[in-house]
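just coords:
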């Protein structure tokens, strides 16, 4: 009879624990995700505004397509080089101080891009922005693992990462209007762009110091029971993580060059190529549909793919968490993005081309939010900070390569068609590689293990 009582009581106890856990996660999400979303909006805005500035900057500074693409390549070279040491610094110093400092630094660096006078000065300034911004995204991805267990992280990642399409869409309209300030107070439109979109990061960086907490144990806005529930769920994740091979630093680096981690790097490389193409080239791609379009109209048309992306990211992330399935939620949107680029490359009708860009943007960003729920399954807890930074850094080689390759292909063929084909091939290849990733189904918090 005792056994029967225990079995019948267990489901309700588990359900009660899961309900309490869900309430705590919602509270954490309300406190952190909205704030980090705003920070990411400013970060991504300072990263992609050069794409809109290029509509007039290229002519003002006498830049070719290859030179303009090279500016973004230099940005990503600096970004890649500094991402790993930045995440190591965050793990040691704490997210509050490190993220706040980064935001102030990159805001100032981005603002100073208004002083570019030629290709060389533009390269140097974009390198500076890359150095200062490198640690933000991998740092926040690491920070989210301190607050959200694996079973909740797809929706947390999606709600945070919609900052990318939101910013691309919002800035498409905003930047088109700012470019209309050309000549005001003696500044070019693109100079106003860097000025008005760079300084807010400095102000937000100051707010970070007083708003963020490094860990749940330090959060005064959680009560003791809520902190304990989070602690238990996070410790269960930590216990389920792969064990480190040994206690020395060499084993961590051996773990980072293991076949599973290298496979994660390759998949992310393929994915990031499309993300970079959307971020840097969308305004110019939309302009190529009809060169007579005004900058303001281009800005609003470029916002359409981002609206589609935001909707799919939210729905897809929620569905992935509810089903606790990751692999096909990663592969299918990557294939959707590849099909979008093929449609854009083969069609000569502007509406179909725009539809293709919508498919590429929606698929690639939705895949990215799911992708970042999976690498910690192949990393021991102590290798996680460096591992996330390594995957992000290696994957972002695609961000460095893509603008240069697409710019060169554009100059060579006088169209973006070959660039679309390049992006499509990589997305399909990445989807095939993703089928081999070591991805497990996350357990529901509060369930018996």
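Good, I have the coordinates. Note that the structure is a prediction, hence the values are computed from the model and not measured. Numbers count the residues shown, from 1 in each chain.

So which residue is dead centre in this protein?
A centroid search over the chain (Cα atoms, centre = their mean) returns residue 161, at 5.7 Å, as the residue closest to the centre.

Contacts only, for that one.
40, 313, 365, 368, 369, 372 (Cβ atoms under 8 Å, 6 or more residues apart in numbering). All C-beta spots, glycine's among them, are computed from the backbone N, C-alpha and C.

distance of the fourth one from residue 325?
In this case it means residue 368. Look at residue 368 and residue 325: by Cβ to Cβ, to the nearest Å, they are 17 Å apart.

cool, and residue 45?
From residue 45 over to residue 325 the distance is 33 Å, taken as Cβ to Cβ.

for residue 151, same thing?
Counting by Cβ to Cβ, the gap from residue 151 to residue 325 is 11 Å.

of the two, who's got more company?
Set residue 151 next to residue 325 and count neighbours by other Cβ atoms under 10 Å: residue 151 wins out with 23 against 16.

my read: the more buried one touches residue 321, true?
Yes. At 6.7 Å, residue 151 counts as touching residue 321 under the criterion of Cβ atoms under 8 Å.

Any regions of the protein where pLDDT drops low?
1-18, 169, 172-173, 239-256, 279-285, 288-296, 299, 380-382, 442-449 (pLDDT under 70).

one more time with 50
Across the chain, the ranges flagged by pLDDT under 50 are 1-9, 244-247, 448-449.

Centre of the chain to the longest helix seen in it, how far?
Ranked by residue count, the top helix of the chain under DSSP state H comes out as helix 2-61. How far helix 2-61 lies from its chain's middle: 13 Å, per Cα atoms, centre = their mean, to the nearest Å.

what's the helix or strand following it packed up against?
Going down the chain from helix 2-61, the next helix or strand is helix 65-93, by DSSP states H and E. On a contact count with 3 or more Cβ pairs under 8 Å, 6 or more residues apart in numbering; DSSP states H and E, helix 65-93 meets helix 2-61, helix 95-111, helix 119-133, helix 136-145, helix 259-289, helix 384-395, helix 397-413.

Residue 67: which of the ones you listed is closest?
Residue 67 lies closest to helix 119-133 among these, at 4.9 Å (Cβ to Cβ).

Buried by neighbour count: which residues of that closest one qualify?
By neighbour count with 16 or more other Cβ atoms under 10 Å, helix 119-133 contains the buried residues 119, 122, 123, 125, 126, 127, 128, 129, 130, 131, 132, 133.

Stretch 345-352 now?
Neighbour-count burial for stretch 345-352, with 16+ other Cβ under 10 Å as criterion, is recorded at 345, 347.

Need the distance between the two termini of that stretch.
10 Å (Cα to Cα, to the nearest Å).

Please state the offset of it from the chain centre?
28 Å.

swap in stretch 306-321?
That offset, for stretch 306-321, works out to 14 Å (Cα atoms, centre = their mean).

got a list of contacts for that stretch?
By Cβ under 8 Å, 6+ apart, stretch 306-321 touches 151-155, 157-159, 161-162, 165-166, 168-170, 172, 326, 329, 333, 358, 361-363, 365-366, 369-370, 373.

Could you do stretch 346-356 as well?
With Cβ under 8 Å, 6+ apart as the criterion, stretch 346-356 contacts 286, 289-290, 301, 304-305, 340-345, 420.

Make a ChimeraX selection of whichever of those turn out to be buried.
Entered in ChimeraX, the line below selects the buried ones among these, by 16+ other Cβ under 10 Å:
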select :286,289,301,304,305,340,341,342,343,344,345,420
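
Would you check which pair of the contacts of stretch 346-356 lies furthest apart?
Pairwise over these, using Cβ to Cβ, the maximum falls at 290 and 342, 21.6 Å.

returning to that earlier point: and of the buried residues of helix 119-133, the nearest to residue 100?
residue 132 (12.4 Å).

For that closest one, which residues are in contact?
Taking Cβ under 8 Å, 6+ apart, we find residue 132 in contact with 102, 105, 106, 109.

Please report the distance of the residue lying closest to residue 143 once chain neighbours are set aside from residue 192.
Taking Cβ to Cβ, 6 or more residues apart in numbering, and ignoring the residues beside it in sequence, residue 143 has residue 95 as its nearest neighbour in space, at 4.6 Å. For residue 95, the distance to residue 192 equals 32 Å [Cβ to Cβ].

repeat for residue 213
From residue 213 over to residue 192 the distance is 37 Å, taken as Cβ to Cβ.

When those two are compared, which one has more neighbours?
residue 192 (21 against 18).

In which helix or strand does that one reside?
helix 189-211.

ok so, going back, can you add distance to residue 180 and give the helices and strands packed on helix 65-93 back as JSON lines?
Shown next, in JSON lines, are these (distance: least, Cβ to Cβ, whole Å):
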{"stretch": "helix 2-61", "distance to residue 180": "10"}
{"stretch": "helix 95-111", "distance to residue 180": "20"}
{"stretch": "helix 119-133", "distance to residue 180": "22"}
{"stretch": "helix 136-145", "distance to residue 180": "30"}
{"stretch": "helix 259-289", "distance to residue 180": "14"}
{"stretch": "helix 384-395", "distance to residue 180": "36"}
{"stretch": "helix 397-413", "distance to residue 180": "26"}
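
Which one of the ones you listed lies nearest to residue 88?
helix 384-395 (6.4 Å).

immediately after the host helix or strand of residue 298, which helix or strand?
Using DSSP H and E, residue 298 sits within helix 295-323. Sequence-wise, the next helix or strand downstream of helix 295-323 (DSSP H and E) is helix 327-346.

Now find how far off-centre that next one is within its chain.
Relative to its parent chain, helix 327-346 has a centroid offset of 18 Å by Cα atoms, centre = their mean.

ok, now stretch 221-239?
The answer for stretch 221-239 is 26 Å, by Cα atoms, centre = their mean.

buried stuff in it?
222, 226, 227, 229, 230, 233, 234, 236, 237.

Could you check how far the fifth one is from residue 408?
Okay, so that is residue 230. Counting by Cβ to Cβ, the gap from residue 230 to residue 408 is 49 Å.

With the third one instead?
When distances are taken as Cβ to Cβ, residue 227 and residue 408 turn out to be 53 Å apart.

same check, this time on the last one
Residue 237 sits 44 Å away from residue 408, going by Cβ to Cβ.

Residue 213: helix or strand, and which one exactly?
Per DSSP H and E, there is no helix or strand for residue 213.

quick one: it and residue 219 touch, right?
Yes. The pair residue 213 / residue 219 is scored as a contact, 4.6 Å apart, by Cβ under 8 Å.

Spit out the residues that contact the two alike.
Overlap of the contact sets of residue 213 and residue 219 (by Cβ under 8 Å, 6+ apart) is empty.
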